[in-house]
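K.L.:
the sequence and its predicted three-dimensional model are supplied below.
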Amino acid sequence: MMNDSNQPLLRVVNLKKHFPGPRGRFGAHSAAVKAVDGVDLELRRGETLALVGESGSGKSTLGRAILQLERPSSGQVLFDGVDLVGVPDKGMRRYRRRMQMVFQDPHASLNPRMSVFDIISEPLVIHGLCGSRTERKRRVAELLDMVSLPSSAGDRYPREFSGGQRQRIGIARALAVRPEMIVADEAVSALDVSIQAQIINLLNAVQKELNLAHLFIAHDLSVVHHIADRVAVMYLGKVVEIGTGEAIFKDPRHPYTRLLLQAAPIPDPRIEAERRAAAPTGRGDWRSSYTAEMAAAPLFEVAPGHLVQALPEVVAQAKPYGARP
Amino acid sequence: MVQPQTKVMDETAPPQASREGAVLEVKGLRTVFRQRGVDVSVVNDVNFDIRAGETVALVGESGSGKSVSALSVMRLVPSPKGRIAGGQVLLDGEDLLRLDEPAMRGIRGKTIGMVFQEPMTSLNPIHTIGRQLGEGLRIHLGLTGKAARERSIELLDSVGIPRPAERLHAYPHQLSGGMCQRVMIAIALSCEPRILLADEPTTALDVTTQAQILELMDARARALGTATLLITHDLGIVARYASRVNVMYAGRIVEQGEARQLYDNPRHPYTRGLLESVPRLDRPRRQELPAIEGLPPSPGSLPQGCPFQPRCPFRQEICGQPQALREISPGRRVACIRADELSPFDGAA
């Protein structure tokens, strides 16, 4: 792993994933659904990039297209310099080991008939790591310790664990093969508040320890604010704003980003009373004024590393810094 | 199905006059579920009230008993496994637990409206929106034909559904989740209920839709003077909409009070732990979130004394004894013996 640390581990270039539209009465497809519609991203080792947006924004499809779980319609996914879009399914295994996924529902993503030991060691077997059972045992014990589960957990089954503990098992499974990148899709959104904090801390700790690149897909902006170094806001299949957490949360420029931030409640009645008084209700009309022309606008750099879809209001407001080539 | 529940076990508490202005008053509510032949308390000695036009929150994590409390108010606890074992549910002073089932049916949907988490599963998929709206209007208000139709259009319009006349003919699957939840609110408020029970009404929705739906529900309930019980796990939503808050843990209310006081100065270690562990948009990010250690207990195996005791950083030997909810200032109650000793709260810490 002698990589130039200035090189991003992941580079996504003009990535598109279109699905055929619903069939009409005579069997013809209507217009394609452009779930991901020309996305550019970079992700470095040790960095957390959050993808935020509402359901249907394409954030989950983008995550799956990066991992080649859904093959992209066009564009490039450069992982450590190799374009995965051109790699045939058979050749994907060696890359799959290096990129793992943590899912939202730890209940649905763990096989109920397998013991925790088998669940965590399965990827080791698939990828031909830790050949002997003794080695696998040692590795599983190490992983259970890393996610703060007792070593006795290996002999038990997923149903014997709470939601938070199951998510720990899911994380241990993802880490088993020593990946370089983790895609976490709503990994903490199904958890209760007191458990969510534990899992967020765990994800942060293992990321630091292993210098992982994290793609964190989430709809909860408060969680993203806490966990992300950079944030990409998606709307209708496109990244409409991307920048550091600081830029996105302190200086949002896109009307959709502002709408999201305004809608996210803050657990403080005094602040909420002020916010409600300041923002008249019945907002949300912004969507209907978002034309195809606006959706097609390129990204515009309003500050170093802070890119926003070049809507007229965004450009008018920005100090001239120069559009991106 | 629902069993009539004319007999109340807790005969010790005599019926009392309703608290001033309270539309709903829940007193000493205890609901049990049978597990392996033993009755397990899922809701234990729960007391709260709601005044007209007011929103009161019941906040807690999964398994805390908040949803079962709402089902108990409606007398919809799944029978025979579950049953209400004691207490009173006073609606304008009348104990709903003493009503027979036909009388109760006249109250559900009319005097008490309900909105649940999953609009797609709460609406009947095989009937049109118009029919589902019209049902309550016919049964409870005797509206039929043109009058029912006109009222239905008004109701859909009042919850911000565009082209309401057309939507009467739509089926639930033809509407988005947000639109279905608007329909649910229209149905719940169609008979101008005294009480609205909203159980995680927006948990399945996107954050922007959530904000719109909650604003709408709040505005409509205020306009009608409806007393709203908002059940949620989301402390941000509670902060935005509730004037008073009940924090539930392991089937009990552990802290109760006016929202600002409770958020400014939580006196129960659990409330404090919850408020500290949520990441906040308005605060700088921290290295680590101060998480609450461990897991909530299951109702069947509660620890001795205070149910939060095994996870509590302020635990002492005395916490092994039962902790009653006690009043520490007017309207403010805490079930913690050490409530007065806790240091001043600093949410940013």
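P.N.:
On my side now, so go ahead.
K.L.:
for A:His214, give me the pLDDT.
P.N.:
Note for A:His214: predicted pLDDT of 97.
K.L.:
list the contacts of it.
P.N.:
A:43, A:47-49, A:181-182, A:184, A:203, A:207, A:227 (CB atoms under 8 Å, 6 or more residues apart in numbering or on different chains). Placement of C-beta: from N, CA and C, glycine included.
K.L.:
and A:His225, how far from B:Asp234?
P.N.:
Plainly put, A:His225 is 16 Å away from B:Asp234 if you go by CB to CB, to the nearest Å.
K.L.:
neighbour count: these two, which is higher?
P.N.:
A:His225 (24 against 20; other CB atoms under 10 Å in any protein chain shown).
K.L.:
pLDDT averaged over the helix or strand encompassing that one - what is it?
P.N.:
Secondary-structure assignment from DSSP states H and E places A:His225 in helix A:221-227. Averaged over helix A:221-227, pLDDT sits at 94.
K.L.:
one more: stretch A:90-101?
P.N.:
Summarised as a single mean, pLDDT over stretch A:90-101 is 94.
K.L.:
next: stretch A:260-271.
P.N.:
Stretch A:260-271 shows a mean pLDDT of 93.
K.L.:
over to stretch B:223-238?
P.N.:
The pLDDT scores in stretch B:223-238 average 95.
K.L.:
give the buried residues for that stretch.
P.N.:
Neighbour-count burial for stretch B:223-238, counted by 16 or more other CB atoms under 10 Å in any protein chain shown, picks out B:224, B:226-238.
K.L.:
what would those look like in CSV with distance to A:Ala197 and secondary structure?
P.N.:
Below are those laid out as CSV (distance: CB to CB, whole Å; DSSP: H, G, I helix; E, B strand; the rest coil):
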residue, distance to A:Ala197, secondary structure
B:Leu224, 38, helix
B:Thr226, 35, coil
B:Ala227, 33, strand
B:Thr228, 29, strand
B:Leu229, 27, strand
B:Leu230, 23, strand
B:Ile231, 22, strand
B:Thr232, 18, strand
B:His233, 13, coil
B:Asp234, 14, coil
B:Leu235, 12, helix
B:Gly236, 15, helix
B:Ile237, 18, helix
B:Val238, 17, helix
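K.L.:
next, count neighbours for A:Phe19.
P.N.:
A:Phe19 has 14 neighbours, counted by other CB under 10 Å.
K.L.:
distance of the residue lying closest to it once chain neighbours are set aside from A:Pro298?
P.N.:
Among residues not flanking A:Phe19 along the chain, A:Val33 sits closest, at 4.6 Å (CB to CB, 6 or more residues apart in numbering or on different chains). Applying CB to CB, the value for A:Val33 to A:Pro298 is 22 Å.
K.L.:
alpha carbons of the helix holding A:His225, as PDB, please.
P.N.:
The C-alpha trace of helix A:221-227 is given here as PDB (Å, rounded to 0.1, in the frame of the first residue of the first chain):
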ATOM      1  CA  LEU A 221     -27.800  16.200   8.800                       C
ATOM      2  CA  SER A 222     -27.000  16.400  12.500                       C
ATOM      3  CA  VAL A 223     -25.200  13.100  12.200                       C
ATOM      4  CA  VAL A 224     -23.500  14.100   9.000                       C
ATOM      5  CA  HIS A 225     -22.400  17.400  10.700                       C
ATOM      6  CA  HIS A 226     -20.700  15.400  13.400                       C
ATOM      7  CA  ILE A 227     -19.100  12.700  11.200                       C
END
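K.L.:
can you read off the pLDDT for the residue of chain B most remote from its centre?
P.N.:
Distance from the C-alpha centroid of chain B, by CA atoms, centre = their mean, peaks at B:Lys146 (35.1 Å). On pLDDT, B:Lys146 comes in at 93.
K.L.:
any idea how far the strand or helix carrying it is from the chain center?
P.N.:
Element membership of B:Lys146 [criterion: DSSP H and E] is helix B:145-158. Its chain's C-alpha centre and that of helix B:145-158 lie 28 Å apart, by CA atoms, centre = their mean, to the nearest Å.
K.L.:
what's that helix packed up against?
P.N.:
helix B:129-141, helix B:164-167, helix B:177-188 (3 or more CB pairs under 8 Å, 6 or more residues apart in numbering or on different chains; DSSP states H and E).
K.L.:
pick the most buried one from those helices.
P.N.:
helix B:177-188 (a mean of 24; mean count of other CB atoms under 10 Å in any protein chain shown).
K.L.:
can you give me the angle that one makes with helix B:145-158?
P.N.:
Helix B:177-188 and helix B:145-158 are oriented at 130 degrees to each other (axes from the mean of the first three to the mean of the last three CA atoms, to 10 degrees).
K.L.:
report the angle between helix B:177-188 and helix B:129-141.
P.N.:
Between helix B:177-188 and helix B:129-141, the angle comes out at 20 degrees (the same axes, to 10 degrees).
K.L.:
quick one: name whatever helix or strand follows helix B:177-188.
P.N.:
With elements assigned by DSSP H and E, the helix or strand that comes after helix B:177-188 is strand B:195-199.
K.L.:
what lines up beside that next one in the sheet?
P.N.:
strand B:112-115 (parallel), strand B:227-232 (parallel) (DSSP bridges).
K.L.:
which parts of chain A are helices?
P.N.:
Applying DSSP state H to chain A gives helices spanning A:59-66, A:93-96, A:116-126, A:133-146, A:163-175, A:193-210, A:221-227, A:245-250, A:255-263, A:269-278, A:292-295, A:312-317.
K.L.:
find the residue at the geometric middle of chain B.
P.N.:
By CA atoms, centre = their mean, chain B has its centre lying nearest to B:Ile231, at 3.3 Å.
K.L.:
ok so, going back, out of the buried residues of stretch B:223-238, which comes closest to chain A?
P.N.:
B:Gly236 (3.0 Å; CB to the nearest CB).
K.L.:
for that closest one, give me its contacts.
P.N.:
So, once contact is read as CB under 8 Å, 6+ apart, B:Gly236 ends up touching A:222, A:264-267, A:272, B:278.
K.L.:
thank you kindly, that will do.
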